[in-house]
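**Student:** build me a model:
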Amino acid sequence: MPSYARLPPSGIKVIIVGAGFAGLCAAIECDRKGHSVILLEKVAELKPLGDIISFASNSGHIFERWEGVVDELDPVIHHSDGLDFYDWMGNFATRQVWDVERQWGRRINGHRGEIHRVVYEHAKARGIDIRLGQHVSDYFENDSEVGVMVNGEKLTADCVLAAEGVKSPGRKIVLGFEDRPKPSGYAVYRSWFPSDELARNERTKHLVVNGDSHSGWIGEDKHFLAASIKNGKEFSWVLTHKDTADIDEDWQFPGDKEDVKKNLVGWSPVVHDIVDATPPDRLVDYKLVFRDPLPTFVSPRARIALIGDAAHPFLPTSIQGASQSMEDGVTVAITLEKAGKENVQLGIRAYEAIRYERVHRAQKTGITTREQWHKADWGQIWKDPKSLHLKRDAWLLDFDAEPHAYRVVDDVLKRLKHGTDVKTNSVSEPETKGVPTVLAQEIDQLA
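**Tutor:** A predicted model of the protein is given here:
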């Protein structure tokens, strides 16, 4: 049996609802800090579903602290060193290389289900109490206890972390009302499949026969990103496009290749060949939704906290949703550790104080990247092709949540004890307004 680093028991009992990346990371990190964890997941069996997911360098440090996980992931993740940009007709524009970003940390991109399986198995190996098939119907808290109703029974703890994504029922107890999703005006078609047919096609084989590749075609109000993985053996693509369809609580549907191609009239034959090679049962139509930025991530009595997409859903163009979810888990585990069992509510509030400004600033990058591509002036781009490059800002990517949290937590806890406001509720205000001085200084230094 491998040995896992773990602090002495803290006596803090944590219930985490949702075993996605946010919930799993929070469970692992809480276990590392000595807290007792129960992780509840509604599905009875975890299956390797989904397509590509990206973890940027700011989350690579987190994976590396989990014994053996990086070694398990290496055979199944993407290994190209750059992104090739084309216009919608297929004219090559520029190549963005990840050389600077590599100095900041490990990037981990791959199939969502395969990466999730590795992280899930690590959590199980640590002995975390993971319970599948658990339907959480309600959250509750009072001055003395907090918990959930699960499968008709009451389960209590010192605090609850809601990690169920944008549909999380935990949002209601935090906000005090139902918060319905809204259409963003955009949707994505996405797929993942074996690359055999692409390897036989003269126009597409260069994307898969020489190992992993990453390419993007940019057009007016849409972009098409494609990547091969596992030494070119598997392939994924995503088309982001305008979509004004009304949505309810379900926004993922089977995709139609003919609808995809209607969005790609006049586009490169390479892009059309990729769509033609896509198995119909591997195509998903996913409506991008948003919810208004939350005024708080924490319930009225500060015993329940939202983490991950439940607190802050991201657009795919941010390439940060999964990484920020992991940072949440690292941070809340540390704030609970430093606050101690007698001050769990203070620890929950400290988590929000440390995370609030950074995560909202990161959310904005999804919109700026989309607009950078969708509103591109190609007359100007041909004069400066590098203007297509993704913005890789040091404040966002050259960041390690664990030492950062330890560096600022004592100051945050002290300010909270003295009733000082350590966050701002308005994401339209300047990035550092209302942030503790130590946090504001770090943002300024990293920007």
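**Student:** from now on I want contacts and neighbour counts done on CA atoms only, so please keep to that.
**Tutor:** OK.
**Student:** how long is stretch 213-233 end to end?
**Tutor:** Stretch 213-233 has an end-to-end distance of 11 Å (criterion: CA to CA, to the nearest Å).
**Student:** show me where pLDDT drops low in the protein?
**Tutor:** Applying pLDDT under 70 to the chain flags the ranges 1, 48-50, 181, 183, 244-251, 290-292, 316-318, 366, 420-447.
**Student:** what domains does the record give for it?
**Tutor:** 13-80+105-179+293-378+389-446, 182-290 (automatic domain parsing).
**Student:** would you turn those into a markdown table with distance to residue 93 and mean neighbour count?
**Tutor:** Shown next, in a markdown table, are these (distance: least, CA to CA, whole Å; neighbours: other CA atoms under 10 Å):
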| stretch | distance to residue 93 | mean neighbour count |
| --- | --- | --- |
| domain 13-80+105-179+293-378+389-446 | 10 | 20 |
| domain 182-290 | 10 | 18 |
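**Student:** residue 89 is nearest to which of those?
**Tutor:** Smallest distance to residue 89 across these (CA to CA): 4.3 Å, for domain 182-290.
**Student:** please, which helix or strand holds the most centrally placed residue in the chain?
**Tutor:** Geometric centre of the chain, nearest residue: residue 322, 1.7 Å, by CA atoms, centre = their mean. According to DSSP states H and E, residue 322 maps onto helix 321-339.
**Student:** quick check: what element follows that helix along the chain?
**Tutor:** Using DSSP H and E, the helix or strand that follows helix 321-339 in sequence is helix 344-374.
**Student:** following element in sequence after that following helix, please.
**Tutor:** Downstream of helix 344-374, the next assigned helix or strand under DSSP H and E is helix 378-381.
**Student:** and that next one, what's buried?
**Tutor:** For helix 378-381, the neighbour count (16 or more other CA atoms under 10 Å) marks residue 378 as buried.
**Student:** which other residues reach it?
**Tutor:** Residues from elsewhere that reach helix 378-381 (CA atoms under 8 Å, 6 or more residues apart in numbering): 387, 388.
**Student:** take the domains of the chain and write them to TSV, including distance to residue 90.
**Tutor:** Listed next are these as TSV, based on distance: least, CA to CA, whole Å:
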stretch	distance to residue 90
domain 13-80+105-179+293-378+389-446	13
domain 182-290	5
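**Student:** can you give me phi and psi for residue 6?
**Tutor:** For residue 6, the backbone dihedrals (degrees, to the nearest 10) come out as phi -160, psi 130.
**Student:** please report how far it lies from residue 131.
**Tutor:** For residue 6, the distance to residue 131 (CA to CA) stands at 21 Å.
**Student:** helices of the stretch 151-300 of the chain, residue ranges please.
**Tutor:** Ranges of helices within the stretch 151-300 of the chain are 170-175, 196-200, 257-262, 269-276, based on DSSP state H, counting those that start in this stretch.
**Student:** need the residues that contact the shortest one.
**Tutor:** Contact partners of helix 196-200, identified using CA under 8 Å, 6+ apart, comprise 204, 205, 206, 207, 208, 209, 233, 273, 274, 277.
**Student:** and those residues, which is closest to residue 31?
**Tutor:** Using CA to CA, the shortest approach to residue 31 within the contacts of helix 196-200 belongs to residue 233, at 36.3 Å.
**Student:** list the contacts of the closest one.
**Tutor:** With contact taken as CA under 8 Å, 6+ apart, residue 233 is in contact with 194, 195, 196, 208.
**Student:** among the residues you listed, which ones are in strands?
**Tutor:** Among the contacts of residue 233, DSSP state E puts residue 194 in strands.
**Student:** dump the contacts of residue 233 to TSV, plus distance to residue 40.
**Tutor:** Formatted as TSV, those follow (distance: CA to CA, whole Å):
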residue	distance to residue 40
194	33
195	36
196	39
208	39
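**Student:** and which of the contacts of residue 233 is nearest residue 102?
**Tutor:** Comparing those against residue 102 with CA to CA places residue 208 closest, at 23.0 Å.
**Student:** CA atoms only: put the helix holding residue 322 into CSV for me.
**Tutor:** The C-alpha trace of helix 321-339 is given here as CSV (Å, rounded to 0.1, in the frame of the first residue of the first chain):
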residue,chain,number,x,y,z
GLY,A,321,-13.1,26.3,-15.1
ALA,A,322,-11.6,23.0,-13.9
SER,A,323,-8.4,24.7,-12.6
GLN,A,324,-10.4,27.2,-10.6
SER,A,325,-12.5,24.4,-9.1
MET,A,326,-9.3,22.7,-7.9
GLU,A,327,-8.0,25.9,-6.4
ASP,A,328,-11.3,26.2,-4.4
GLY,A,329,-10.7,22.7,-2.9
VAL,A,330,-7.1,23.5,-2.0
THR,A,331,-8.1,26.8,-0.4
VAL,A,332,-11.1,25.7,1.7
ALA,A,333,-9.1,22.7,3.1
ILE,A,334,-6.4,25.2,4.3
THR,A,335,-8.8,27.8,5.7
LEU,A,336,-10.6,25.1,7.7
GLU,A,337,-7.2,23.8,8.9
LYS,A,338,-6.1,27.2,10.1
ALA,A,339,-9.4,28.2,11.6
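**Student:** from the contact counts, what lies against that helix?
**Tutor:** Other helices and strands packing on helix 321-339, by 3 or more CA pairs under 8 Å, 6 or more residues apart in numbering; DSSP states H and E, are helix 21-32, strand 52-55, helix 57-65, helix 344-374, helix 401-417.
**Student:** of all these, which one comes closest to residue 43?
**Tutor:** Of all these, helix 21-32 sits nearest to residue 43, with 13.8 Å by CA to CA.
**Student:** how far off centre is the closest one?
**Tutor:** Distance, stretch centre to chain centre, for helix 21-32: 14 Å (CA atoms, centre = their mean, to the nearest Å).
**Student:** can you check stretch 385-405 too?
**Tutor:** Stretch 385-405 has its C-alpha centroid displaced from the chain centroid by 15 Å (CA atoms, centre = their mean).
**Student:** and stretch 2-11, by the same measure?
**Tutor:** 26 Å.
**Student:** span of it from start to end?
**Tutor:** Stretch 2-11 has an end-to-end distance of 24 Å (CA to CA).
**Student:** got the buried residues for it?
**Tutor:** By neighbour count with 16+ other CA under 10 Å, stretch 2-11 contains the buried residues residue 10.
**Student:** which residues are contacting that stretch?
**Tutor:** With contacts defined as CA under 8 Å, 6+ apart, stretch 2-11 is touched by 31, 32, 33, 34, 35, 36, 67, 126, 337, 340, 341.
**Student:** taking those, tell me the two that lie furthest apart.
**Tutor:** Among the contacts of stretch 2-11, 67 and 341 lie farthest apart (CA to CA), at 26.9 Å.
**Student:** closest one of the contacts of stretch 2-11 to residue 152?
**Tutor:** Lowest distance from residue 152 to the contacts of stretch 2-11 (CA to CA) belongs to residue 36, with 22.5 Å.
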